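>>> all I have is the shape, not the residue letters:
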């Protein structure tokens, strides 16, 4: 059971913006990590783009399961995990992250934000807390 990425995105019109992301690609070889991270980012954006506001879904992409939650306010979260990671736990994590993000980052920053401009630092902590070997509390 493993989590590979945790992303917060904004479902804008016409495009989806990545606001913040955390990755754990340590199980891949050094030379694969950048392309795997790029794939995870692209897949997360594509899934949010194809999802309706106010929906949750789990989508299989290659050997990964992508869990997406797009809120009614256009804030979205995506967890990419292996197939064995419990779906319920992924959606619990997304709820916590999106609630925390929306409390700390003003809504006015979402439509124009980017990973470099958004001052939210909790994603890496959430990713490691929910990683296998660190069960959620």
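Structure's in. What do you need? Owing to the predicted nature of the structure, the values given are computational and were not obtained by experimental measurement.
>>> from the contact counts, what lies against whatever helix or strand residue 99 lives in?
When elements are defined using DSSP states H and E, residue 99 is found to belong to helix 87-104. In terms of contacts (3 or more CB pairs under 8 Å, 6 or more residues apart in numbering; DSSP states H and E), helix 87-104 is packed against strand 3-11, strand 55-61, strand 64-70, strand 75-82, helix 123-130. Any C-beta I mention is one placed from the backbone N, CA and C, and that applies to glycine too.
>>> could I get these as TSV with mean neighbour count?
Below are these laid out as TSV (neighbours: other CB atoms under 10 Å):
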stretch	mean neighbour count
strand 3-11	25
strand 55-61	14
strand 64-70	22
strand 75-82	25
helix 123-130	17
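>>> make a markdown table from these and add mean pLDDT and distance to residue 89 to it.
Below are the helices and strands packed on helix 87-104 laid out as a markdown table (pLDDT from 0 to 100; distance: least, CB to CB, whole Å):
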| stretch | mean pLDDT | distance to residue 89 |
| --- | --- | --- |
| strand 3-11 | 97 | 9 |
| strand 55-61 | 93 | 12 |
| strand 64-70 | 96 | 9 |
| strand 75-82 | 97 | 9 |
| helix 123-130 | 94 | 7 |
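>>> just put those in a markdown table and tack on distance to residue 92.
What follows is those, written out as a markdown table (distance: least, CB to CB, whole Å):
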| stretch | distance to residue 92 |
| --- | --- |
| strand 3-11 | 13 |
| strand 55-61 | 11 |
| strand 64-70 | 10 |
| strand 75-82 | 10 |
| helix 123-130 | 9 |
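>>> which among these is found nearest to residue 31?
strand 3-11 (16.9 Å; CB to CB).
>>> got a list of contacts for the following helix or strand past the closest one?
Scanning forward in sequence from strand 3-11 by DSSP H and E, the next helix or strand is strand 16-23. With contacts defined as CB atoms under 8 Å, 6 or more residues apart in numbering, strand 16-23 is touched by 4-10, 37, 40-41, 44-45, 48-49, 76, 101, 105, 110-115, 118, 120, 123-124, 126-127.
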